[in-house]
Each structure stands twice: as C-alpha cells, then as structure tokens.
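Novice: what's the 3D shape of this:
(chains A and B)
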Amino acid sequence: MTHHYRINGSMIQQFSGKPVSIIGTVSKIHPSGNVLDLETSDQQHIVVRSSDHIVDVNPGNIIEVLGEVDNRNQIACDTIVTFEPEQTANFDMDMYNQAVMLFQHYPQDYLVNL
Amino acid sequence: MANQRLTTGALLRYIRGSTTEKAILQVVGIKSIESKTDDPSNASKRYRLMLSDGKSTFSSCMLGTQMNKLIETESLKENSIVRIDRVMVNSIDKQNGRVMLMLYELEVLQSDSERIGDPVALPLTDIINNNGASTNRLETTNNNQAPTAAPTPAPAPTPAAAPPATNVIRQGSKALPTLDDRKKPNGDNRFGGKGGNSIDKERIINIDTLNPYMNKWTIKARVSNKGAIRTYENARGPGKLFSCDLVDQSGEIRATAFNAECDKFHSMLEIGEVYYIAKASLKAANRQFNTTNNDYEMTFNHDTIIEACDAGEGENIPQVQFNFIPISEIANRSANSTCDVIGVVKSTSDMQTIVSKASQKEFQKREILLVDEKASISVTLWGQQAEEFDGSSNQVLAFKGIKIGDFNGRTLSCMNSTLIRQDPTETPRTVELRVWFDNEGKSIDLPDLSKGADVGSRQTPIKTLSQIISEGLGLGDKPDYISVKAMTTLIKKDTAVYMMCPEERCGKKVVDENNGSYRCEKCNKTYSNFKWAYMVSAEISDPTGSQWITVFRNEAEALLGVTADEFGTHKLNQSESIIEDIVRKAMNHERIFKLRAKAEQYNDERRIRFTCMSVSDIDWPSHGRRLIDEIKQMEPTQN
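Specialist: Numbers count the residues shown, from 1 in each chain, chains lettered A, B, ... in the order given. I've put the predicted structure just below:
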C-alpha cells in the first residue's frame, strides 16, 4: 500500500493530488450515501466522496479516511477505516492534530516506508 | 543674482573630516578676535565666522587672515553666501567637542542676501560622537542629551547628579567619576588597559569561541541573569562577589566579579540589557557552581571594559530563551535537575526561618503556590528574594533554571543562578495564563505535585533503558524508581515459578522431599503442601537497550495473564505448548514497567537488581502528549 500522508484540514491544498490519510469526526452523511462531511483534527470541515456506498458509519464516529485530494479540495476516498467505540473513547484529537503538524514540521524525522 | 542653494549637511561632514567638499554656505555671524600669539608688531585681526549650511550652524570657523580684506571691504558680511574652496579641521579637544574649521580659501558668491532657512546649532553630541577610537567613552544608552542652545563648542554642563557609584562618563563631562582617582602612569585612566580605552567593535566574536588563550576579544552580550552580591570569607580574608550570565546568539557564559570589580559592575549591569565586554579573564568552568553550557567562565578583572550598547545596536542579541515545561511534566523529571517553568502565583506563605542541620545556619524562606492550567506546585524562594517578594497581585512568574526537588512529591527551589521574571513580555504564555487565571484558575483546585498525593505514578520518572547505564541508576545508596516503556523480549519460563512455603508471610522456597513433604528451612518446618509463586526473570527491551528484570507475584500475573498456581500446574503437567502460548502472549508488546533499581552485594560482586513494581498498559493519549511536550522541549524557539 502506498504511503498516505497524514494531514489535517488546513493542509489539504498543499497535498492536492497526493494520497492522504485524514482522521476526523463524521458530522454528516449525505442522503446520497456516498458523500460525508468530516470535521478534521483542526476543526475544519471537508467533503469526502467515496466510490462505494458508505456503511457502518454514523455521525459522531471517529474515522480514518484514505484517499486522494482532488482539484476541488475534497477527498476522493477509496478506504474508510472505522474503529470500535472502545478504541476511540480515549482518543485525543487535539494531540493527534499536534502530532500531524509535527510530522510536517520534521519530515526528516518522521519515518515512513521502512 | 540668482538665489544660491546651500549645501545642507556640509558642516557636519567637514567636522567629521571630509574636507575635500566645496560646500556653499552662508555667513550668519562675524566676530573679530585680537590675535595674541602673532608677532606683536603686527597685531592682525582674526575673524571668527558662524556659518550655516541651511540646516545647521557652526560657530567655530576661523577665517584665514589672508582673506581679512574681504570683511574689511564688506564684500564678506552677514548673510553673504560663500563657497568654501579649502578647509581644514583643527581638533583642539575632540573629547569635549572642541573643533574648529579653518577656512583657508573661500569665494564670496553673493555679498548681500536674505537669511536662508532657519538653521540651528549643530548638537555637541553629533560632533563628539563620530570622533573615532581615541574617544574615551563609557556611556549608558541614554547618552544623547539635548543639543546645546548656545552655539559654542563648550562642553555640555555636567549633569547635576552623576551617581558616583556607577562608572559612566556622561557626554562632554570633564569630571570622570572614578571610584578611585588613580591614573595609570602613561596617562590612561583605569577604565581601559594600555593602548586603547575603548571597545573595539571590529573584533566582536561569538561567546562560544571564547577561550583563555585569546588575547584581544570583544563580545556583545545580553545580561540574562544577575545574582545578588554575596560575601564570603577565605584564607585571604573577607570578600564579595556577584555572578551574571551573558548570552549572545552563539551561546552563554557565566561571569563573576570580585571585590572592587564587584562594586564597579554590579550596579551598572542591568538584566535584559546588552553590553560590549572586553578584557576579562577566562578559565575552565567550575561545574560545581556553574551549570551554564560553556566549558569556560569569565572573571571581570582590573582591565575589564564594559560598555552599554546604544539602543537598537543590541537587537540582534537574543532575549532570554525560556524552554517552559508544564508543571505536570515536573513529575516526570528527576530530583536535582533544573527546568524552566511559568505559572501564576496563587498564594504566598509568610516568611519562615529554618535552621540547616548541616551548617546550623539559619535560612529565611517563603513558599509560593505556582499554578498553571493543569497542575500546581510549591516553589521556595530564599533570603532577600523571599523577603522582598509580594505575591498579592497573583502575578505570572517565569523561572529559568529552577531546581526540582522531590520532597513530598515534587517541589521547586530557587538557586542563586535561577532567573526569575515577573509577567515576562517575551512569551505569549504570560497573557494566556493571566486570562485563564482571572477567568477560572483562581477558583479551581488543581492537582498539587507537592502534596505527596498519588505517590505511586507521579514519582517515577520515565526513562529509557539506556539511561539506566548513562545515569548510573541503582548505584546510589537509595534505590531508584523509574518507569520505562518497553516490551518483554525474553522470559525464562523454566524458572518462572517456584514452590513456596505455604506459611503466610514466609515466601521461602521449600525443598521437595519427594515423598509428599516439603521442607521450609526458614520456618524450620515440614509441610504437606506448598504454594506456587512467581519469580520471573524477564528481559525487557526498548529502542535504546535491554535489561533483565525480576517480576514477582501480582505483577507477574499481570504480565503472563495466568496465576502462579495455573502456571505451576501446567509445569507439573509438562504442558509445554500451553506454557509456550502463555509466554508468547506476554512478549513482544509494549507496556509501562515501573522498576526499582538497587545495588546489592553478592560476595565480591556488586550488581544492580531490577525489580518490577508494576506492569501496566500504555495510555496512548497521555503518552502521546508527553512525547509532544518532550519534542517541544527540544525545539530552539520560545514557547
């Protein structure tokens, strides 16, 4: 699997056309069933378009979206990772956001593709 | 005739030595002087002119006598416009601004004219300020006095209250306020060594390149901290000293001044201000007292020159760098280390007197409760600092290099080298804390690191396994307690359990007499049963190293996931695969191990034994937060 860059809302433009991973809270699922609104770790709202019908996801869930940033600054997503409630109960979104920013700040220290 | 334009700025340029310019100036005053020095038979007049360049006037312009006739024929008179063709600068007394322009050749361009512009007299400071290296200057940053009104080059009046205790020469003052009027035999005064009394600004070097083998150097540094004057006594008698920390963009260094230099410089140096310093002694740093990041330390001596930077010149020297950690993080730091911290003064105790058991000396102290958004801690101030402290305004206090103590959990104690700043403006934390405190902080109770509460988890600092060796943990008289995030990489399964004496508090291994009896030597009894007990030798590893530890009882049960009894039963049944399963499940995933490290003597060998006090799963969010704090600690920028 190719490396997906972990980003937050404000980084979307920088990563246009690149494979990204975004963790956030689902705020809304569109009636169409293929599109959802995600609140990112830095409290921005982005649109995620899935190729498949979105299942097992409800507003308020924390999910990880893997996909690509398209030219409308939306995510064309091929995989949605869902978590058990126990796994996300303690999740510190703010800390995650700080970590994401640190990865950008120190790319030489953040190892991927070992 | 067409109106002539004057060459503005020319007067100052002439005074500063650029005499090739042929400026156009206006005569605004003429005064005749009896010449006393010339040959008495020809008492020729000498004319002194005040010239204007449109913006400034200068009154010490002497007309070459060969041009006297210009005045006598009224070709040259008040308001005449002239062009200076040849001029020289004559410095009688540069120090005090006494210079003269000698006009050797000029041409009158226009005899009659209106006064051009509204020129004002050249300020004395401008005249003096640019007179090169031979000026004897020791000045503070506010040395620019108002220009003298009278257009004479007389020295500016001595300021009324030149404090004699400071070594500051004010502009133009003839009185040198020395503490001691001795002058060196060659005429230099005591503010400088031979051959140059001033700072050579061309030779400024970085603090981190200073060493005792250099001869001529100058540094430009900010005083980041200044201690109080302390007295001492040694074999040579009583003395006094103070120390200060100097910082520039390359690093920092501790400087100390004794006795005469102590008096000389202590009141002059102000914390936060930038100074040029030259001619001080350098020697290896005394690590007992000096924890600055420099191999050397400086001593101000008899030859040392210190000069304040003009406002604006010091801007490239960094301000004090704070690396604040949150108060809650102090729990993870070891005692006797130092840190930087910032918080709000929530409460202040009264002055307390304690007597040191060691020296029988009395110490005065005061305790402050310092709070930030997540925790609180007790901070101790000593001596005069304690006496003078007033916490009634709940101010924000920042500490740099404050010592961490482990009394009753964690406390902070000021050292002589600790820098304290009140409501510091160079960090945004001040405003953040102020807003938080005023809105909620003052009314809530925060976990107090100094209350000894939660002794278990708060007290053990998190270390890496390599730090065990590098910090010599376990070698001291008292055991060391640390936490590590590690995974089990090996478990000696064959000796994981032993047969233990069934007696409640015994714990000794019993001898299996192979006849259904088990003998305990300690109790001196034989039992018909025994208990299985854990004594697991395990190797744990983290990215920095590995360590063998011993895990007993509940902790082993937590580690292996089965009771000692179950394990023992499997062992008796020789259920190898089950045991292997158990062991495999316990290994290779990370946990937090709390360890006790203690040196024990075995015959001739002194070995450190590591006992596991607890095993727990990792709380990833708090672990992540701790790592972020640590990373931020390492960043060079201010918080």
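
Novice: Contact residues of chain A facing chain B?
Specialist: On the criterion Cβ under 8 Å from any Cβ of the partner chain, chain B has as its neighbours in chain A the residues A:Asn90, A:Phe91, A:Asp92, A:Met95, A:Tyr96, A:Gln98, A:Ala99, A:Leu102. All C-beta atoms are positioned from the backbone trio N, CA, C, and that covers glycine.

Novice: Isn't the first one up against B:Ile618?
Specialist: No. With contact defined as Cβ atoms under 8 Å, A:Asn90 and B:Ile618 do not form a contacting pair (11.2 Å).

Novice: Looking at those two, which has the bigger crowd around it?
Specialist: The residue with the greater number of neighbours, taking A:Asn90 and B:Ile618 and applying other Cβ atoms under 10 Å in any protein chain shown, is B:Ile618; the counts read 13 against 10.

Novice: The more buried one reaches B:Glu590, doesn't it?
Specialist: Yes. The pair formed by B:Ile618 and B:Glu590 meets the contact definition of Cβ under 8 Å, at 6.0 Å.

Novice: Helices along chain A, start to end?
Specialist: When assigned using DSSP state H, the helices of chain A occupy the ranges A:85-89, A:93-105.

Novice: and if you look at the stretch 1-150 of chain B?
Specialist: B:10-15, B:68-72, B:124-129 (DSSP state H, counting those that start in this stretch).

Novice: in the shortest one, what's buried?
Specialist: Within helix B:68-72, the residues that qualify as buried by neighbour count (16 or more other Cβ atoms under 10 Å in any protein chain shown) are B:Asn68, B:Leu70, B:Ile71.

Novice: Am I right that the second one is in contact with B:Glu105?
Specialist: Pointing back at B:Leu70 there. No. Here B:Leu70 does not reach B:Glu105: they are 11.2 Å apart, not a contact under Cβ under 8 Å.

Novice: what comes into contact with stretch B:461-481?
Specialist: Contacts of stretch B:461-481 from elsewhere in the structure, counted by Cβ atoms under 8 Å, 6 or more residues apart in numbering or on different chains, are B:331-334, B:459-460, B:482-486, B:540-547, B:594-599, B:608-610, B:613, B:626.

Novice: For chain A, what's its nearest residue on chain B.
Specialist: Per Cβ to the nearest Cβ, the residue of chain B with the smallest distance to chain A is B:Pro621, at 3.9 Å.

Novice: Of the residues of chain A next to chain B, grab the buried ones for PyMOL.
Specialist: Only the buried members of these end up in this PyMOL selection, burial being decided by 16+ other Cβ under 10 Å:
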select buried, chain A and resi 91+92+95+96+98+99+102
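
Novice: Just give the closest residue to the residue nearest the centre of chain A, not the sequence neighbours.
Specialist: Of all residues in chain A, the one closest to the mean position by Cα atoms, centre = their mean is A:Ile22, 1.7 Å from it. Of all residues beyond its chain neighbours, the one nearest A:Ile22 is A:Val65 (4.9 Å), with distances taken as Cβ to Cβ, 6 or more residues apart in numbering or on different chains.

Novice: residue ranges for the strands of chain A, please.
Specialist: When secondary structure is read from DSSP state E, chain A shows strands at A:5-6, A:19-29, A:35-40, A:45-50, A:62-69, A:75-82.

Novice: Take those strands and write them to a markdown table, including distance to B:Arg254 and mean pLDDT.
Specialist: Shown next, in a markdown table, are the strands of chain A (distance: least, Cβ to Cβ, whole Å; pLDDT from 0 to 100):
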| stretch | distance to B:Arg254 | mean pLDDT |
| --- | --- | --- |
| strand A:5-6 | 44 | 92 |
| strand A:19-29 | 48 | 94 |
| strand A:35-40 | 48 | 94 |
| strand A:45-50 | 53 | 94 |
| strand A:62-69 | 51 | 94 |
| strand A:75-82 | 55 | 93 |
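
Novice: possible to save these as CSV with distance to B:Ile491?
Specialist: As requested, those are arranged in CSV below (distance: least, Cβ to Cβ, whole Å):
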stretch, distance to B:Ile491
strand A:5-6, 35
strand A:19-29, 36
strand A:35-40, 43
strand A:45-50, 45
strand A:62-69, 35
strand A:75-82, 34
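
Novice: what's the closest of these to B:Gly507?
Specialist: Of all these, it is strand A:62-69 that lies closest to B:Gly507, at 47.8 Å by Cβ to Cβ.

Novice: now what about the closest one, what contacts it?
Specialist: Contacts of strand A:62-69 (Cβ under 8 Å, 6+ apart): A:4, A:12-13, A:15-26, A:38, A:48, A:57, A:75-83, A:88, A:91, A:93.

Novice: One more: stretch B:414-421?
Specialist: Contacts with stretch B:414-421, where a contact means Cβ under 8 Å, 6+ apart, come from B:224-225, B:227-228, B:230, B:243, B:245, B:254, B:271, B:289-291, B:320, B:338, B:379-382, B:385, B:397-403.

Novice: From those, which land in helices?
Specialist: Reading helices off those with DSSP H, I get B:Gln385.

Novice: Which members of the contacts of stretch B:414-421 occur in strands, if any?
Specialist: With DSSP E as the criterion, strands contain B:224-225, B:230, B:243, B:245, B:254, B:338, B:379-382, B:397-403 from among the contacts of stretch B:414-421.

Novice: Can I have the buried ones of those residues as a PyMOL selection?
Specialist: Here the buried members of the ones in strands among the contacts of stretch B:414-421 are turned into a PyMOL selection, burial being counted by 16+ other Cβ under 10 Å:
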select buried, chain B and resi 224+225+243+245+254+338+379+380+381+382+397+398+399+400+401+402+403
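
Novice: Phi first, then psi, for B:Gly314.
Specialist: For B:Gly314, the backbone dihedrals are phi -90, psi 10 (criterion: degrees, to the nearest 10).

Novice: list the contacts for it?
Specialist: B:Lys220, B:Arg222, B:Glu273, B:Val274.

Novice: hmm, try it at 6 Å
Specialist: B:Val274 (Cβ atoms under 6 Å, 6 or more residues apart in numbering or on different chains).

Novice: Likewise for B:Lys485?
Specialist: For B:Lys485, the contact set (Cβ under 6 Å, 6+ apart) comprises B:Glu590, B:Ile592.

Novice: So what pairs up with it in the strands?
Specialist: In this entry, B:Lys485 is beta-bridged to B:Ile592, by DSSP bridges.

Novice: That one and B:Leu559, how far apart?
Specialist: For B:Lys485, the distance to B:Leu559 equals 15 Å [Cβ to Cβ, to the nearest Å].

Novice: what about the nearest residue to B:Pro543 once chain neighbours are set aside, distance to B:Ser541?
Specialist: Counting by Cβ to Cβ, 6+ apart, the nearest residue to B:Pro543 once its immediate chain neighbours are dropped is B:Thr464, at 7.5 Å. As for B:Thr464, its distance to B:Ser541 is 11 Å (criterion: Cβ to Cβ).

Novice: before we move on, what about B:Glu630?
Specialist: For B:Glu630, the distance to B:Ser541 under the criterion Cβ to Cβ works out to 20 Å.

Novice: Tell me which residue in chain A sits closest to chain B.
Specialist: Taking Cβ to the nearest Cβ as the measure, the point where chain A comes nearest chain B is A:Asp92, at 3.9 Å.
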